[in-house]
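Undergrad: model the following, please.
(4 chains)
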Number of protein chains: 4
Amino acid sequence: MSFQNPVFIPGPTNIPESLRKACDMPTIDHRSPLFGQILHPAREGVRKVLKSESAEVFIFPSTGTGGWETALSNTLSAGDKVLAARHGMFSDRWIDMCRRHGLDVQVVETPWGEGLPADRFEEILTKDKGHEIKAVLATHNETATGVKSDIAAVRRALDQAGHPAMLFVDGVSSIASIDFRFDAWKVDVAVAGSQKGFMLPAGLAIVGFSEKAMDATRTSTLPRTFFDVNDMAKGYKNNGYPYTPAVGLLNGLNQACGMLLQEGLENVFARHHRIAQGVRAAVGAWGLELCAVDPSVYSDTVSAVRTPAGFNATDIVTHAAHKYGVAFGVGLGEVAGKVFRIGHLGSLTDVMALSGIATAEMCMADLGLKIELGSGVAAAQDYYRGHAAVARKDAA
Amino acid sequence: MSFQNPVFIPGPTNIPESLRKACDMPTIDHRSPLFGQILHPAREGVRKVLKSESAEVFIFPSTGTGGWETALSNTLSAGDKVLAARHGMFSDRWIDMCRRHGLDVQVVETPWGEGLPADRFEEILTKDKGHEIKAVLATHNETATGVKSDIAAVRRALDQAGHPAMLFVDGVSSIASIDFRFDAWKVDVAVAGSQKGFMLPAGLAIVGFSEKAMDATRTSTLPRTFFDVNDMAKGYKNNGYPYTPAVGLLNGLNQACGMLLQEGLENVFARHHRIAQGVRAAVGAWGLELCAVDPSVYSDTVSAVRTPAGFNATDIVTHAAHKYGVAFGVGLGEVAGKVFRIGHLGSLTDVMALSGIATAEMCMADLGLKIELGSGVAAAQDYYRGHAAVARKDAA
Amino acid sequence: MSFQNPVFIPGPTNIPESLRKACDMPTIDHRSPLFGQILHPAREGVRKVLKSESAEVFIFPSTGTGGWETALSNTLSAGDKVLAARHGMFSDRWIDMCRRHGLDVQVVETPWGEGLPADRFEEILTKDKGHEIKAVLATHNETATGVKSDIAAVRRALDQAGHPAMLFVDGVSSIASIDFRFDAWKVDVAVAGSQKGFMLPAGLAIVGFSEKAMDATRTSTLPRTFFDVNDMAKGYKNNGYPYTPAVGLLNGLNQACGMLLQEGLENVFARHHRIAQGVRAAVGAWGLELCAVDPSVYSDTVSAVRTPAGFNATDIVTHAAHKYGVAFGVGLGEVAGKVFRIGHLGSLTDVMALSGIATAEMCMADLGLKIELGSGVAAAQDYYRGHAAVARKDAA
Amino acid sequence: MSFQNPVFIPGPTNIPESLRKACDMPTIDHRSPLFGQILHPAREGVRKVLKSESAEVFIFPSTGTGGWETALSNTLSAGDKVLAARHGMFSDRWIDMCRRHGLDVQVVETPWGEGLPADRFEEILTKDKGHEIKAVLATHNETATGVKSDIAAVRRALDQAGHPAMLFVDGVSSIASIDFRFDAWKVDVAVAGSQKGFMLPAGLAIVGFSEKAMDATRTSTLPRTFFDVNDMAKGYKNNGYPYTPAVGLLNGLNQACGMLLQEGLENVFARHHRIAQGVRAAVGAWGLELCAVDPSVYSDTVSAVRTPAGFNATDIVTHAAHKYGVAFGVGLGEVAGKVFRIGHLGSLTDVMALSGIATAEMCMADLGLKIELGSGVAAAQDYYRGHAAVARKDAA
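TA: Okay, the predicted model is just below:
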């Protein structure tokens, strides 16, 4: 008996039936006009999900990591200075990538569990009178710690400092689940992936470029071919790609955007918030704490739950998989063994969330933690009962 | 967002991924040898699931109701006498069918919630010295009341009475989920459907005929063509059907039997018992009672839960569908409005069951019943923790 | 390597991708309102395909044979007289069914390859002053011989005779492929299946009943339960079924009707005619003849091709399957061994048809028939070039 | 009516039913042991398809172009010299990539239609006494011209010259369709994609690295992160990826390798050769010529067919798509407008190939070329009849 329980990893997420079918597509000629009928609406859909009027949207057969590389390699040159904070595994990896590509990263070390230090950014940017910093890297939602940062504050830091650096935002685990405002925040490059809020299998890096970022491609000298946005732009003008596109995933992306926009982005965000609040109510009922230090940074897509000192949180994940066939996320990097993670993004219902909470309870009890069975479930039920959207189940 | 939550109706059940794919088959020539490679193993698989060495298995593009009609119309003649008990909606319907086909049914009225009255059967059969009763109809598992009956006892009644009547068993909601012994119980016709323990979509009537039942086809004069087992048997000998078979469903049935036999029938039954025990623990924790009067008749595939007097149990089902997108079963016939039903058969995990229990709790609380949130979940968790099979998740 | 070539059996047909997906549906509660959103449009769609304003459409989890039984058992009583012609395997089987159900069939023996003898029907009906004949059975398209009959002429025969007998039409291999006019021809019961013009897997008997046929259900005494149209009608009024419906197939049927009506029925018929003309041009180029005696009875859904005397036509079918992985239809009954059949109904393109024609050529040459390779293909190409509809390939 | 005809583009190819299903996979935890059960057999399968005992196989969520970039960026440093021939669009693009990444490419201009100039390579390598050339780039099968080159000869050129340069082979449109010998030819990096011989959707770059190529990664200084093979190797050791893997495609790849190895690689190659021979027989019958100058370089995966001077070959492709719903490939680069391409790789039968040939004939006739209808089909039929493998159609 397999594949029956929902997954509670923070991506890839559970895939809705209709998107499974949209991706499972017979071969078409990707040089035929039919392909344009998939590509262009998909790009337009992403643009709307980014809340942008004018972002250039590029979709690579790759992953979020490829999206990071797209951002850097198209806009910067070896030796360029970038500013970033390290406050989780994914910001850490992006910093590492910068260094591999010969960039000079100024890292603001930030405790894991805290959000981006916009104040520190402002100080540093203000001091950078020569505008040597070419880009600020911001991880909107740290998947490792379950921390959502305030990108508007980072934008204000740039503006207060009167600094022209580009703003690159990793929105892999936020976009399409948590409010993201490409235009309002004057984001220059936004990076997303297919396998989180877009509810698709992994395999697409989805990026949005501002006009300023497109301008930067003209002077950037980092080598690039596969991730070259200008090659991609040229392909799009001819209804095509510079190489073979992942047609099925693009078809899925087109439909995913349609689903999200039909539900309404604010409703999508509210739904994620509701599910997350239930999970957090459960965590509180268990007497445990989140890795995220403060409600202002609680992520609506993933909760990293701290377990008591001396307890290996990873055991919960292993035990849940082995005994109950349920997948949670392990702690990564600095918080490895200290937290386990409950993903609650993408296509999830209150009812599914309750089954994850119930499973976590059983696991913790099995492993000797003092958790009252049903306590977290009851707290979440109480929240969901009061806030439930009316369920809708349409014919497929 | 649709189709995400499991269903908790007592069939059709949740369909495993691999069976979805087995049924979704491109067209093949059903007169080619390839078809035989699907048909014969499917029939052999069903025979093993029935625990029979020699039953003739017939599979019609139909439903369980068609299986009932197959049993009657192939073996009996207008005016023939049959013995049956009415103790639920499905036994009631089978009795009604007998009458429409001109049979003379002796009905033993039995309280809904009780099992088959083997003692009464024995009395009646013993008195029937002329052996006018040609068949005894037995509903193994009354889906309407969540009552499992003792077929071995019915067999003993026949044997004690030294009566030659055939024994027809409706195993639609028991076979492949609850122990069923075609040979040991000397069943003459067993009736199943694809959409319950076999975990497939509805669309197949699956029947097993004993040699005695096959003999009865020679003298039976009830009209039949579509459901004629001898036409079917002749077709099978030529690797075919008397008309167009439902090839995809047969392919699914073949694989379903493979899954069941690989897990081991006793393990399948134990799994259903475990899931059911958790549900029953929840019902107890809620302070509610089952429609089934006694643990000896508790069904491991469906629980009909009585709600307090004055409360319309159907509201739970409507509310669950509307607010939480979860499907339970309504009460039918005599117990309409008095019970709601939780189906727990087919492809279900402990974790899925917990989400159903949690949903039922929320619904009952929403509708004003005094149900402590989390109480049923905790009772089920406690049971599942102690009895969980180790989860297995194989590559598809 | 499997399942790649199209099938050329006269049903089940090749299934379009979108219908495969529509049928492959997760379990829903068939007692929920969602089911009504599938059922009612499906029935309405069938009604339009039948070209009827008022036919009562019933859809059984069964096959065309079940549809025949539905027609007879709901409207007639044992001993009733019916009139039918035997001119192929399927008319023969329906006649046989009548006899099994106790009806008194007056059979007009008609050479296989000819159409229905409307003149003989008129004579017989005119002589039946007492109106003992209760129903006339008409096979619109004899799948065994590739003969399409003139149902309008049968209707005229009834009208000329002033005879009130009901008109039952087997449209299994015509409806949704060849013009069928329920209302204009005053058909009383039309019988179809899912696996032909509706392009779905086998598993549904689809029937339309006129008001007169519905009236006949009140006096008919043939036993019926599974196929009882009044039980079905009662179910439909409550958005349900008297038993478990085949939800996925119904969902597919709904979409199939949508596809057909969007293309336009006249366009669908024209497409079938075009494909068939190409096949017939090939047969002519081979120097062979059809079983159908005259162009006026050529079927647009299946061609039965006569092979030279002394040659076993079935060898072509066996050889094609074995050597080339392509399925044709064998001859049945009186024309077994004398014809092989090329099905060209449902979802088929000119290009697919050409591959079937090319395969038939290779097989015949392999087996020693004097067939010039490419000759039939060239004749069909010539026709298709001049008559091709513009191909359309929309995003799924 | 859509998606029914096979495609005849030189990739992505027609996808077998079983691989469609293998790719269409529900979400699993890619950090769970289950993932390793997919990943490791897939890599091992690829290794066998490469005919290698020891190649390190890496699979990126990307395309063949990403595979090229993987080869270069992991093994070379800016300013490094590489040797390559330009004799088609794909060799041209790889050369262009080298330059973008700061490599110094010595290009041997070679007429489009010819194979790799192994003699010229040997001369150049022999003269390169200082061994400045670090790598030789070889396009095994030029998809643009339908030219297969002799990689063994390129290896001999290196060996004769006693030159230590690495040998990088683009096998995107050859591997898994045409004989490829990683070990025998001492290939250092082989590049393939999922969408050609592996019969899967696009989305995977599949590369094999020799020990020598792995050694080169230690000194290479080209920037890389997404395509870093050492990160990937480290991930594999822990059953994982450095980022989110495309699990469904990997599952498909595992099954694709299983299919290929079960058929037997030599049988797979023979099948491609047989299909290709039929297509080439048709081209000859049309009185046309291939772009490939000589039978020794005829590709078994794609045929580029030259049309008469003054005729725009691209019109055939447009016309075929518009009128017949069939996809062929256009000419690219230097041969744009001069050739159209018939892809015949991956999952294709003789019967499907005949439908492509028949369509091409109709198109050419429609557009005024003097092509006798049926002539190419007859030539191909003649070939296929004499060489047909026995068709096999197993239960899915």
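
Undergrad: distance from the chain centre to stretch A:7-15, please.
TA: For stretch A:7-15, the gap between its own C-alpha mean and the chain's C-alpha mean amounts to 12 Å (CA atoms, centre = their mean, to the nearest Å).

Undergrad: ditto for stretch A:287-295
TA: 20 Å.

Undergrad: put the alpha carbons of that stretch into CSV.
TA: Output in CSV follows, covering the C-alpha atoms of stretch A:287-295 (Å, rounded to 0.1, in the frame of the first residue of the first chain):
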residue,chain,number,x,y,z
GLY,A,287,4.3,22.9,24.8
LEU,A,288,6.9,23.2,22.1
GLU,A,289,8.3,26.2,20.3
LEU,A,290,9.1,27.2,16.8
CYS,A,291,12.5,27.9,15.5
ALA,A,292,11.2,31.2,14.2
VAL,A,293,11.8,33.6,17.1
ASP,A,294,8.7,35.8,16.8
PRO,A,295,5.2,35.7,15.3
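
Undergrad: what comes up buried for that stretch?
TA: Residues of stretch A:287-295 classed as buried: A:288-293 (neighbour count, 16 or more other CB atoms under 10 Å in any protein chain shown). Quick note: C-beta positions are derived from backbone N, CA and C, even for glycine.

Undergrad: check which helix or strand covers the residue nearest to A:Ile28 when sequence neighbours are not counted.
TA: Excluding its sequence neighbours, the residue lying closest to A:Ile28 (CB to CB, 6 or more residues apart in numbering or on different chains) is A:Leu34, at 5.5 Å. Here A:Leu34 is covered by helix A:33-49, with elements defined by DSSP states H and E.

Undergrad: show me what that helix is packed against.
TA: Helices and strands touching helix A:33-49, as assessed by 3 or more CB pairs under 8 Å, 6 or more residues apart in numbering or on different chains; DSSP states H and E, comprise strand A:56-61, strand A:204-209, helix A:229-237, helix A:247-263.

Undergrad: quick one: the helices in chain A, in order.
TA: A:17-23, A:33-49, A:64-75, A:89-100, A:118-127, A:151-160, A:211-216, A:229-237, A:247-263, A:265-285, A:314-319, A:350-366, A:375-387 (DSSP state H).

Undergrad: which residues touch the one residue in the stretch 51-200 of chain A that gets nearest to chain B?
TA: Of the residues in the stretch 51-200 of chain A, the one nearest chain B is A:Met199, at a distance of 9.3 Å by CB to the nearest CB. Contacts for A:Met199 were tallied using CB atoms under 8 Å, 6 or more residues apart in numbering or on different chains; they are A:13-16, A:19, A:256, A:259, A:346-347.

Undergrad: that older thread, mind putting the helices of chain A into a markdown table with mean neighbour count?
TA: Below are those laid out as a markdown table (neighbours: other CB atoms under 10 Å in any protein chain shown):
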| stretch | mean neighbour count |
| --- | --- |
| helix A:17-23 | 22 |
| helix A:33-49 | 20 |
| helix A:64-75 | 27 |
| helix A:89-100 | 21 |
| helix A:118-127 | 17 |
| helix A:151-160 | 20 |
| helix A:211-216 | 17 |
| helix A:229-237 | 17 |
| helix A:247-263 | 23 |
| helix A:265-285 | 20 |
| helix A:314-319 | 20 |
| helix A:350-366 | 26 |
| helix A:375-387 | 22 |
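
Undergrad: and those helices: which comes nearest D:Leu222?
TA: Between D:Leu222 and these, the shortest separation by CB to CB is 10.2 Å, and it involves helix A:89-100.

Undergrad: going by contacts, tell me the helices and strands next to the closest one.
TA: When contacts are defined as 3+ CB pairs under 8 Å, 6+ apart, helix A:89-100 packs onto helix A:64-75, strand A:81-86, strand A:104-109, strand A:133-139, strand A:141-142, strand A:166-170.

Undergrad: what's that helix in contact with?
TA: Residues external to helix A:89-100 that are found in contact with it (CB under 8 Å, 6+ apart): A:65, A:68-69, A:72, A:82, A:84-86, A:105, A:107, A:137, A:139, A:142-144, A:170, A:172, A:332-334, D:223-225, D:228.

Undergrad: the residues you listed, buried ones only, as a PyMOL selection?
TA: Only the buried members of the contacts of helix A:89-100 end up in this PyMOL selection, burial being decided by 16+ other CB under 10 Å:
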select buried, (chain A and resi 65+68+69+72+82+84+85+86+105+107+137+139+142+143+144+170+172+332+334) or (chain D and resi 223+224+225+228)
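
Undergrad: all good on my end, thank you.
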